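1. coordinates for the following, if possible.
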Amino acid sequence: MQNKKNIAVLGSTGSIGTQTLDVIRLHKDLFQAEILTAGANADLLIRQAKEFKPNAVVIADESKYKYVCDALKDEDIKVFAGDKALEEVVAFKSVDIVLTALVGFAGLKPTVAAIKAHKPIALANKETMVVAGELITRLAAENNVPILPVDSEHSAIFQCIQGEWDNTVKNILLTASGGAFRGKKREDLEKITPQDALKNPNWTMGAKVTIDSATLMNKGLEVIEAKWLFGVDTSRITAVVHPQSIIHSMVEFEDGSIKAQLSRPDMRLPIMYALSYPHRLPTPSFAMNVFDLTALTFEKPDTETFPCLLLAYDAAQKGGNMPCIMNAANEIAVAAFLKGRIPFLKISDIIADAMAAFPLVKNCTLDTYIQTDKEVKQKLKAMY
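-> Next comes the predicted model:
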């Protein structure tokens, strides 16, 4: 790499966003935080802005606009507010790549805007591909925009298929840690608290994705994301529970060969690879000693205890706006669980009921996804 890349970090105060800034700190000669955005965490956004000196910041919560402006009045930093501003800043000429680390459906419109502005996408917002994968892949192709996966599993798949462009992928083996409750049965989960579910054994993640990991919905979302990122039908994507989280995914080819990508369970590695692609950056502190790997084990997921994975496969098979319905219902159900309004096992019930209740629309536009998301969330918010 020669020229410094200016990065727009959408969701800079979240788990992926803060780890992206760690990567920028490690390689200040190669990366510059050009845009930083936050939902409502104004204090952390302000601290980040003072450290990284971006061109602009966006606080989505408009009520905090003056607070951020006042705090940064002595800095040469533009301050914007509101969701619409997210779509506008990604198009700045100075932006070289957009890392989308927003949580949930909120990542869709800024990602579309960035693609239309011909900005490469480092994608950490899996819901964008889950909800509108067909639209996003078509727009990316039309605008000649690369989508570089940031999720550890999809980064692993991406790395495994390098140099294999002419070879057919027989099967993608998508690994999962198993979440906080691997090995538990439904009767063990009846009195689970949000605090229990937020204890992922291997990864440091935000609350929403940690709960998704515990329900296996995260793996379901990743199955759908992989379908669109790699053009492989979900019948050729197999979820595999790998408790050690050392192999981040595998790809099987027609000759029976399986390629795997191994590394420490540290999200900064796939973030760095997406930002530096096609180059690999020397980072000795991330090195892994293979002699420390005493055992690597694999299990089939328990879809009876954790039915969300099967719901995702079903949504992918039905297509259209069904993954959007599923995703919206999951966002509301997870939020309700985290607030103590529903028990853990109710999450999958809410999703299944929503998928049965809301109409399937096959030919979708961006407006279809936006309207579907709005309708599902409005109805379920009133119930939970």
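2. drop to CA atoms for contacts and neighbour counts, all remaining ones
-> Fine.
3. quick check: Gln261 is in a strand.
-> Yes: per DSSP: H, G, I helix; E, B strand; the rest coil, Gln261 lies within a strand segment.
4. run a quick neighbour tally on it.
-> A count of neighbours around Gln261, defined by other C-alpha atoms under 10 Å, yields 18.
5. from Lys300, how far off is it?
-> 19 Å (C-alpha to C-alpha, to the nearest Å).
6. you'd agree Ile35 is in a strand?
-> Yes: per three-state DSSP, Ile35 lies within a strand segment.
7. so where's the chain uncertain?
-> Residues of the chain meeting the criterion pLDDT under 70: 1-2.
8. let me see the domain layout of it.
-> The chain breaks down by automatic domain parsing into domains covering 5-149, 154-307, 319-384.
9. can you pull the buried residues of the host helix or strand of Glu51?
-> For Glu51, the host element (DSSP states H and E) is helix 42-52. Buried residues in helix 42-52, counted by 16 or more other C-alpha atoms under 10 Å: 42, 45-46, 48-50, 52.
10. okay, these in JSON lines with distance to Phe230 next?
-> Below are the buried residues of helix 42-52 laid out as JSON lines (distance: C-alpha to C-alpha, whole Å):
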{"residue": "Ala42", "distance to Phe230": "37"}
{"residue": "Leu45", "distance to Phe230": "34"}
{"residue": "Ile46", "distance to Phe230": "38"}
{"residue": "Gln48", "distance to Phe230": "34"}
{"residue": "Ala49", "distance to Phe230": "36"}
{"residue": "Lys50", "distance to Phe230": "39"}
{"residue": "Phe52", "distance to Phe230": "34"}
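11. can you name the residues that contact the residue lying closest to Val103 once chain neighbours are set aside?
-> Spatial nearest neighbour of Val103, excluding adjacent residues (C-alpha to C-alpha, 6 or more residues apart in numbering): Asn125 at 6.3 Å. Asn125 makes contacts with 100-104, 107, as judged by C-alpha atoms under 8 Å, 6 or more residues apart in numbering.
12. how does it look with 10 Å?
-> Contacts for Asn125 (C-alpha atoms under 10 Å, 6 or more residues apart in numbering) come out as 10-11, 16, 99-108, 111, 149-151, 225.
13. got the phi/psi numbers for it?
-> phi -90, psi 90 (degrees, to the nearest 10).
14. how close does it sit to His154?
-> Per C-alpha to C-alpha, Asn125 is found 12 Å from His154.
15. which residues are common contacts for the two?
-> By C-alpha under 10 Å, 6+ apart, Asn125 and His154 have these common neighbours: Glu225.
16. sec struct for the residue nearest to Trp203 when sequence neighbours are not counted, please.
-> Spatially, and ignoring its direct neighbours in sequence, Trp203 is nearest to Pro265 (6.6 Å; C-alpha to C-alpha, 6+ apart). Put simply, Pro265 is coil when judged by three-state DSSP.
17. tally of neighbours for Val169?
-> 19.
18. swap in Asn41?
-> For Asn41, using other C-alpha under 10 Å, the count is 17.
19. before we move on, what about Asp373?
-> For Asp373, the count of nearby residues is 20 (other C-alpha under 10 Å).
20. phi first, then psi, for it.
-> Main-chain dihedrals, Asp373, degrees, to the nearest 10: phi -60, psi -40.
21. touching, it and Met326? I think so.
-> Yes: the criterion here is C-alpha atoms under 10 Å, and Asp373 meets it with Met326 at 9.3 Å.
22. which neighbours do the two have in common?
-> The contact sets of Asp373 and Met326 overlap at Val131 (C-alpha under 10 Å, 6+ apart).
23. which helix or which strand is home to Glu252?
-> Applying DSSP H and E as the criterion places Glu252 in strand 247-253.
24. elements contacting that strand?
-> Strand 247-253 sits against helix 152-160, strand 169-176, strand 237-241, strand 258-262, with contacts defined as 3 or more C-alpha pairs under 10 Å, 6 or more residues apart in numbering; DSSP states H and E.
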